[in-house]
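>>> test case, fold it:
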Amino acid sequence: MVRNFDLVIIGGGILGTSISYFLSYLNKSKKIAVIEQAHNVAFHTSGRNTGKVHAPYLYNPEKKKMFAKAAFHGYDMWKKYSELKNLPFKEDGVIEVSQDKQGTKVLEKYLKWGKQNGLKDEEIKLLTKSELKKIEPEIECSDALCIYRDASTDYAIFTKSLMKDSKQNGIKFLLDTKVTGIKNKNGKWKITLNHDHEIFSNFIINAAGGESIDIAHSVNVAKNFTDVHFRGEYWKAPKEYYNLTKTSVYSVPEFPDYPFLDPHWIIRVDGTCEIGPNAVPVFSPYGYKRSENLKEFIPKMLEMLGSGARKAIFDKQFQELTMKEIRSSLSKSAMVDRVKSFLPKIDADKITEKGTAGIRSSVIDEHGKFVPDVILMDDPMSFHIINYNSPGATGALPFSVYVINRLNEKGFFRNENADSQCGPWKFSEIVEKIST
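Now for the predicted structure:
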């Protein structure tokens with residue numbers, strides 16, 4: 001086994017694998033490895049989402065400028081990659097609905113943001129109830145925002161394809177391998193794997209998703225942040241509902257300051273339909289089962305009580321919302337009823353099968369507030385990507401270019417050829433797009 005590397009990426013989700021993809025073209029002679037504790041890439045959050053390629057209408061162009069840019073350019077990049085590799089990419093759009101005047105004001109804000117973030121007039125339109133009825137007769141709402149530059153795909157398939165490309169270019173993937181220790185030894189990182197063997201690296205990129213905070217803390221970075229985990233659950237709709245609508249339907253979030261998503265009507269790339277997700281608090285980034293949550297309950301609670309998360313968990317509104325999400329997990333009807341508000345034809349008794357659950361990790365600062373944006377922290381030997389959530393998969397390709405270019409400009413990890421052709425894209429051209 002190779003023991004010495006120039007760079008190690010911790011995390012084989014869609015972001016870590018996308019970073020490895022571009023680095024594999026830019027640095028042909030350097031030794032680079034990706035460490036992933038699951039048996040395959042995109043095994044957790046990256047492969048357990050709705051598979052949507054999001055248009056950037058939800059993102060404030062001032063406060064979330066980079067995320068909006070990444071989502072905008074990510075759409076075109078995934079489309080081109082899907083054509084090159086013959087992978088699923090269905091341009092099906094999405095509809096966001098409001099049920100009252102307050103919700104319509106939110107849609108008007110989204111319309112403005114979408115256009116500021118690059119969407120054309122024909123790609124995003126605000127429709128009245130009567131206008132929507134002509135194209136989606138089963139949807140009941142006050143007003144609706146139709147976004148046509150939105151698509152469906154399967155990010156697990158994309159990530160596995162990126163891994164294949166990376167490996168062909170010399171990147172080493174260490175699967176079924178967990179980082180169990182990191183220490184700075186004589187100017188290099190000594191990384192212990194599976195409590196058993198060690199490798200060494202000059203530089204680390206932490207793209208560990210649900211464990212990114214833990215990795216950062218292990219090297220004394222981001223100590224003022226902690227994270228909380230939420231399991232998003234889905235219910236599968238029966239075949240008789242597959243043609244209920246032509247596109248997925250979202251509802252305006254009731255509490256946008258919290259990571260609680262009102263359940264959506266989802267049409268996946270294969271045509272199957274689901275309701276979800278909710279956001280049930282769990283105690284592990286892998287808390288799909290009760291046994292894992294019980295094992296991590298005490299250490300996670302101690303961590304939260306000793307950090308800014310303490311203020312959040314004792315907040316009355318947060319507690320009320322948490323109980324609401326727990327009820328939606330215990331009661332199928334509680335979740336389905338949220339979707340029935342805009343799709344009244346759905347009968348909860350006909351929905352009997354659960355879908356795949358995924359876990360989203362949200363960061364809380366020392367003041368007890370949820371951090372709404374990605375956190376990037378670096379030092380001369382490491383770079384940490386924390387709180388990389390939606391539209392994380394959509395923007396993974398251009399965001400990876402942003403990260404690599406940032407490291408290169410700061411001199412932390414110099415690229416051998418910054419003008420390389422990276423598959424269907426020229427690296428310097430992507431840099432220019434996300435920098436303007």
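
>>> longest helix anywhere in this structure?
helix 65-85 (DSSP state H).

>>> quick check: buried residues in that one?
For helix 65-85, burial by neighbour count (16 or more other CB atoms under 10 Å) applies to 66-75, 77-78, 81-82, 85. Just so you know, the C-beta spots here come from the backbone N, C-alpha and C atoms, and that holds for glycine as well.

>>> do stretch 180-188 as well
Judged by neighbour count (16+ other CB under 10 Å), stretch 180-188 contains these buried residues: 182, 188.

>>> I figured residue 258 hits residue 370, correct?
Yes: between residue 258 and residue 370 there is a contact under CB atoms under 8 Å: 6.4 Å.

>>> so for those two, which sits in the more crowded spot?
residue 258 (19 against 16; other CB atoms under 10 Å).

>>> quick check: nearest residue in space to that one, chain neighbours excluded?
residue 321 (5.9 Å; CB to CB, 6 or more residues apart in numbering).

>>> may I have the phi/psi pair for that neighbour?
Note on residue 321: backbone dihedrals following degrees, to the nearest 10 are phi -70, psi -40.

>>> roughly how far does it sit from residue 315?
Separation of residue 321 from residue 315 (CB to CB, to the nearest Å): 9 Å.

>>> okay, these two: which has more neighbours?
Between residue 321 and residue 315, counted using other CB under 10 Å, the more crowded position is residue 321 (18 against 15).

>>> so what does whichever strand in the chain runs longest touch, helix or strand wise?
The longest strand of the chain (DSSP state E) is strand 197-206. Strand 197-206 sits against strand 4-10, strand 188-193, helix 212-218, strand 382-386, with contacts defined as 3 or more CB pairs under 8 Å, 6 or more residues apart in numbering; DSSP states H and E.

>>> and the next helix or strand past the first one?
Helices and strands here follow DSSP states H and E; after strand 4-10, the next one along the chain is helix 14-26.

>>> the third one too?
Past helix 212-218, further along toward the C-terminus, the next helix or strand under DSSP H and E is strand 226-232.

>>> and stretch 341-356, end to end?
Here the two ends of stretch 341-356 are set 23 Å apart, with distance taken as CA to CA, to the nearest Å.

>>> quick one: mean pLDDT over that stretch.
Mean pLDDT, computed over stretch 341-356, is 95.

>>> thinking again about what came up before, figure out which of the helices and strands packed on strand 197-206 is closest to residue 145.
strand 382-386 (30.2 Å; CB to CB).

>>> could you list the paired strands of that closest one along with their orientation?
strand 197-206 (parallel), strand 375-379 (antiparallel) (DSSP bridges).

>>> mean pLDDT lowest for which of those strands?
Lowest mean pLDDT within those: strand 375-379, at a mean of 93.

>>> could you list the buried residues of that strand?
For strand 375-379, burial by neighbour count (16+ other CB under 10 Å) applies to 375, 378.

>>> residues making contact with stretch 365-376?
Residues outside stretch 365-376 that contact it (CB atoms under 8 Å, 6 or more residues apart in numbering) are 63-64, 66-67, 222, 224-225, 257-259, 307-312, 315, 362-364, 383-389, 403, 406.

>>> I'd like to know which elements the longest helix of the chain is packed against.
If you count contacts as 3+ CB pairs under 8 Å, 6+ apart, helix 65-85 packs onto strand 52-53, strand 89-90, strand 151-153, helix 155-168, helix 396-410, helix 427-435.

>>> for residue 46, give me the pLDDT.
For residue 46, pLDDT reads 93.

>>> my guess is it meets residue 155, correct?
Yes: Residue 46 is within contact range of residue 155, at 5.5 Å (criterion: CB under 8 Å).

>>> okay, now the domains of the chain?
By the record's domain assignment, the chain is partitioned as 1-93+153-225+371-436, 227-367 (automatic domain parsing).

>>> and of these, who's closest to residue 117?
domain 1-93+153-225+371-436 (4.0 Å).

>>> sketch out the low-pLDDT regions of this protein for me.
Where the chain drops to pLDDT under 70, the residues are 1, 259-261.

>>> hmm, what's the outermost residue in it?
residue 186 (35.6 Å; CA atoms, centre = their mean).

>>> distance of that one from residue 4?
Distance of residue 186 to residue 4, given as CB to CB: 12 Å.

>>> again, but for residue 119
Applying CB to CB to residue 119 and residue 4 gives a distance of 47 Å.

>>> neighbours of residue 194, how many?
Count around residue 194 with other CB under 10 Å applied: 12.

>>> nearest residue to it in space, please, no chain neighbours.
residue 178 (5.6 Å).

>>> could you list which residues are in contact with the one you found?
So residue 178 contacts 35, 37, 193-194 (CB under 8 Å, 6+ apart).

>>> and the gap between it and residue 193?
Residue 178 is 7 Å from residue 193, by CB to CB.

>>> who touches both of those two?
Residues touching both residue 178 and residue 193 by CB under 8 Å, 6+ apart: residue 35.

>>> what about residue 198, neighbour count?
Around residue 198 there are 12 residues (other CB under 10 Å).

>>> contacting residues for it?
Residue 198 neighbours (CB under 8 Å, 6+ apart): 3, 190-192.

>>> any idea how far residue 117 lies from residue 214?
From residue 117 across to residue 214, the span is 33 Å (CB to CB).

>>> who's more crowded, the two?
Shown here are residue 117 and residue 214; by other CB under 10 Å, residue 117 has more neighbours (22 against 16).

>>> that one against residue 61, yeah?
Yes: applying CB under 8 Å as the test, residue 117 and residue 61 come out as touching, 5.3 Å apart.

>>> intersection of neighbour lists for those two?
Common neighbours of residue 117 and residue 61 (CB under 8 Å, 6+ apart) are residue 68.

>>> tell me where the stretch 201-350 of the chain has helices.
With helices called from DSSP state H, counting those that start in this stretch, the stretch 201-350 of the chain shows them at 212-218, 290-305, 309-313, 316-330, 332-340.

>>> looking at the ones you listed, which is closest to residue 419?
helix 212-218 (30.4 Å).

>>> hmm, back to that, quick check: neighbours shared by residue 46 and residue 155?
14, 393.

>>> ok, back up a step: and the contacts of residue 198, which is closest to residue 294?
Among the contacts of residue 198, and counting by CB to CB, the member closest to residue 294 is residue 192, at 26.4 Å.
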